[in-house]
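# dropping the sequence and predicted coords here.
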Amino acid sequence: MTLFAFLILFTAVVVGYMLNLRAARAIRAGGTKMHSLDGFHGGYAALMVLIPCFFLIILWLLFQGAVIEMLVTAGLPDRQLEGLGTGEVQLMMAEIRSIAGGRVFGTPEQWKLDAADRLVSLRAVSAWLMVALTAALAAVMLLVARRRVAADFRARQGFETIVHRVMIACATVAIFVTIGIVASLLFETFRFFQMVPFWDFVLGTNWEPQIPIREDQVAAEGAFGMLPVFLGTLVIATVAMLVATPIGLFSAIYLHEFASNRARAIIKPVMEVLAGVPTVVYGFFAILVIAPALRSFGANLGLPVAPNTALAAGSVMGIMLIPFISSFADDALGAVPRSLRDGSLAVGATPAETVAKVLFPAAIPGIVGGILLAVSRAIGETMIVVMAAGLIAKMTINPLDSVTTVTVQIVTLLIGDTAFDSPKTLAAFALGMGLFLMTLVINIAALRIVRKYREIYD
């Protein structure tokens, strides 16, 4: 039904555009001078239909699930909800959703079957109601837009006003989304620190996010020290940047200054292909090629190399990041005024001296931006680390050992149907807040570097 609603919206937009366009042309053909071009009348009608109907569909899809589940929960027998916590209610609703989807395990109680039937019927009613409201709103907006077609109607100003307001709304949404992300992290992190002491998390050297399932279980007390997780993130990111930064920068310098047109036409596309390779393919490459090669090399030298190592994950991640740094550095070198390069060569400097003493320092802002993007990608990468570095958090900086990262632990903690009412699941938000602060510090440092060099070379 969602597809049907969007088809109605698309049809109404096309019809509105054509109706107003033909109406404006008819008025112009009668000898009346129009204030705006015919296309602006059609565009005004299209936007008048598109924007409200599109937001109606999006808001409906966002809130219908929560409203329907609230109605289903309210209709459950009181005796079935008595004494249940939030997590247990969520698990119950997950089972009802599974039954409604046709995935029945065992012999569920009759009240669960009734709730599943009610869920299915409410979903069907909601879908048809969404289609009906979309069609009705589209018809109303078509009528309103059609009645505004006149010789003195300022369709161009109306069209531009709508576009301007849409751009303001998009910018506002971006701001509020950022605020919402930070607020959600802060709220859930605060709940986590109500269960786990702050200093135990910040200064703890043991990460075992387990909680006792039974009252008599004493082996799973749980340890939530963040240092091993963040240390593993830094180790893998450092290895990745040590591989990606020199290769990316030197390849960009070669392609920009020394490569022939034929070589550039071959090397540039090949490097950009690396940026489109899925990360799971890099993970396969790490565990099937790099990790065995490192173990064999370490065995020949008498070095102990773990089956899953930070060096394997970081090296492959560095290969993945080469196109980012190379592309940004190439663009930054190309943005340097040619007069600087020509002036350096005119006074007798060699091409290598020109690159090292003129072009590279002047391109520092763009290069730092590329490196910053690569660092952010390295910190946020998950799949390669899961496949090549492992899941064990260790307090080590040895790249030959097995480590884990923040993103891997967040994914591990939030797998499956989870209730955000225990330190194990809330720890993911605390890790996310720490990762957010880490990237914020990196951004601030990079901005200061960029500002410093821009003051010199602008």
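Received the coordinates, thanks. Residues are numbered from 1 along each chain as shown.
# any stretches of the chain with poor pLDDT?
Applying pLDDT under 70 to the chain flags residues 78-89, 104-106, 108-109, 210-222, 416-420, 453-458.
# could you chop it up by domain?
2-192, 223-457 (automatic domain parsing).
# ok, longest helix in this structure?
helix 155-195 (DSSP state H).
# hey, which of the domains of the chain is tucked in deepest?
A comparison of the domains of the chain by mean neighbour count, using mean count of other CB atoms under 10 Å, puts domain 223-457 on top with a mean of 18. Every C-beta, even on glycine, is put in place using the N, C-alpha and C of the backbone.
# helices or strands up against the longest helix of the chain?
Applying 3 or more CB pairs under 8 Å, 6 or more residues apart in numbering; DSSP states H and E, one finds that helix 155-195 contacts helix 38-74, helix 423-457.
# in TSV: those helices, plus distance to residue 385.
Shown next, in TSV, are those (distance: least, CB to CB, whole Å):
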stretch	distance to residue 385
helix 38-74	32
helix 423-457	13
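# compare those helices and give me the one nearest residue 353.
Nearest to residue 353, of all those, is helix 423-457, at 17.2 Å by CB to CB.
# relative to helix 155-195, how tilted is that closest one?
Going by axes from the mean of the first three to the mean of the last three CA atoms, to 10 degrees, helix 423-457 is angled at 130 degrees with respect to helix 155-195.
# that older thread, what's the closest of the helices and strands packed on helix 155-195 to residue 384?
Closest among the helices and strands packed on helix 155-195, using CB to CB: helix 423-457, at 16.7 Å.
# quick one on the thing from earlier: redo the domains of the chain as JSON lines? Include distance to residue 201.
As requested, the domains of the chain are arranged in JSON lines below (distance: least, CB to CB, whole Å):
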{"stretch": "domain 2-192", "distance to residue 201": "8"}
{"stretch": "domain 223-457", "distance to residue 201": "5"}
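# and of these, who's closest to residue 206?
Closest approach to residue 206 among those is made by domain 223-457 (4.1 Å; CB to CB).
# tell me how far that closest one is from the chain's mean position?
Averaging C-alpha coordinates over domain 223-457 and over its chain gives two centres that are 17 Å apart (CA atoms, centre = their mean, to the nearest Å).
# residues touching the nearest residue to residue 32 once chain neighbours are set aside, list them.
Distances taken as CB to CB, 6 or more residues apart in numbering place residue 151 nearest to residue 32, at 4.6 Å, with adjacent residues excluded. Contacts for residue 151 (CB atoms under 8 Å, 6 or more residues apart in numbering) come out as 27, 32-35.
# for residue 151, helix, strand, or coil?
Secondary structure for residue 151, judged by DSSP: H, G, I helix; E, B strand; the rest coil, is coil.
# and the gap between it and residue 41?
11 Å (CB to CB, to the nearest Å).
# what do you get for residue 359?
Taking CB to CB, one finds residue 359 at 52 Å from residue 41.
# equivalent analysis for residue 114, please.
Taken as CB to CB, the span from residue 114 to residue 41 is 54 Å.
# okay, strands next: where are they in the protein?
Taking DSSP state E to define them, one finds strands in the chain at 207-208, 223-224.
# list the helices and strands the last one packs on?
Under the contact definition 3+ CB pairs under 8 Å, 6+ apart, strand 223-224 sits against strand 207-208, helix 423-457.
# okay if I get the ones you listed as a markdown table plus distance to residue 406?
Listed next are these as a markdown table, based on distance: least, CB to CB, whole Å:
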| stretch | distance to residue 406 |
| --- | --- |
| strand 207-208 | 10 |
| helix 423-457 | 5 |
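# closest one to residue 271 among those?
That would be, of the helices and strands packed on strand 223-224 and by CB to CB, helix 423-457, which comes in at 23.2 Å.
# helices and strands around the closest one, which ones?
helix 155-195, strand 223-224, helix 227-253, helix 360-362, helix 364-380, helix 406-413.
# just send those back as a markdown table, with distance to residue 326 too.
As requested, the helices and strands packed on helix 423-457 are exported to a markdown table (distance: least, CB to CB, whole Å):
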| stretch | distance to residue 326 |
| --- | --- |
| helix 155-195 | 29 |
| strand 223-224 | 39 |
| helix 227-253 | 4 |
| helix 360-362 | 14 |
| helix 364-380 | 8 |
| helix 406-413 | 24 |
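# of all the ones you listed, which one comes closest to residue 100?
Short answer: helix 406-413, nearest of those by CB to CB, at 27.3 Å.
# who's in contact with the closest one?
Contacts for helix 406-413 (CB under 8 Å, 6+ apart): 207, 209, 229-230, 233, 379-382, 385-386, 389, 391, 393, 424-425, 427-428, 431-432, 434-435.
# please enumerate the helices of the stretch 251-400 of the chain.
Counting by DSSP state H, counting those that start in this stretch, the stretch 251-400 of the chain has helices at residues 261-276, 279-285, 291-301, 310-335, 338-346, 351-354, 360-362, 364-380, 383-388.
# relative to residue 145, which of the ones you listed is closest?
helix 261-276 (42.1 Å).
# what does that closest one contact?
So helix 261-276 is contacted by 251, 255, 259, 319-320, 322-324, 326-327 (CB under 8 Å, 6+ apart).
# again with stretch 30-44
By CB under 8 Å, 6+ apart, stretch 30-44 touches 16-18, 20-21, 23-25, 27-28, 145, 148-149, 151-159, 162.
# and residue 159, what does it touch?
Residues near residue 159 by CB under 8 Å, 6+ apart: 40, 43-44, 47.
# against residue 284, how distant is it?
51 Å.
# same deal with residue 297?
20 Å.
# again with residue 126
42 Å.
# check residue 137 too.
Residue 137 is 49 Å from residue 284, by CB to CB.
# again with residue 380
Residue 380 is 20 Å from residue 284, by CB to CB.
# what does residue 206 give?
32 Å.
# cool, and residue 325?
Counting by CB to CB - residue 325 and residue 284 are separated by 23 Å.
# on that earlier part again, so the longest helix of the chain versus helix 38-74, what angle?
Using the same axes, to 10 degrees: helix 155-195 against helix 38-74 is 30 degrees.
# let's number from 19 now, not from 1
Noted, 19 is the first residue going forward, which turns the last one into helix 173-213.
# nearest residue to residue 391 in space, please, no chain neighbours.
Using CB to CB, 6+ apart and skipping the chain neighbours, the partner closest in space to residue 391 is residue 342 (5.5 Å).
# that should have said residue 464, apologies.
In space, residue 464 is closest to residue 390, 4.4 Å off (CB to CB, 6+ apart).
# ok so, going back, with residue 351 as the reference, name the closest of the helices and strands packed on helix 173-213.
Nearest of these (CB to CB): helix 441-475, 12.8 Å.
# and the angle for the closest one with helix 245-271?
30 degrees.
# any idea how far apart the tips of stretch 363-378 sit?
15 Å (CA to CA, to the nearest Å).
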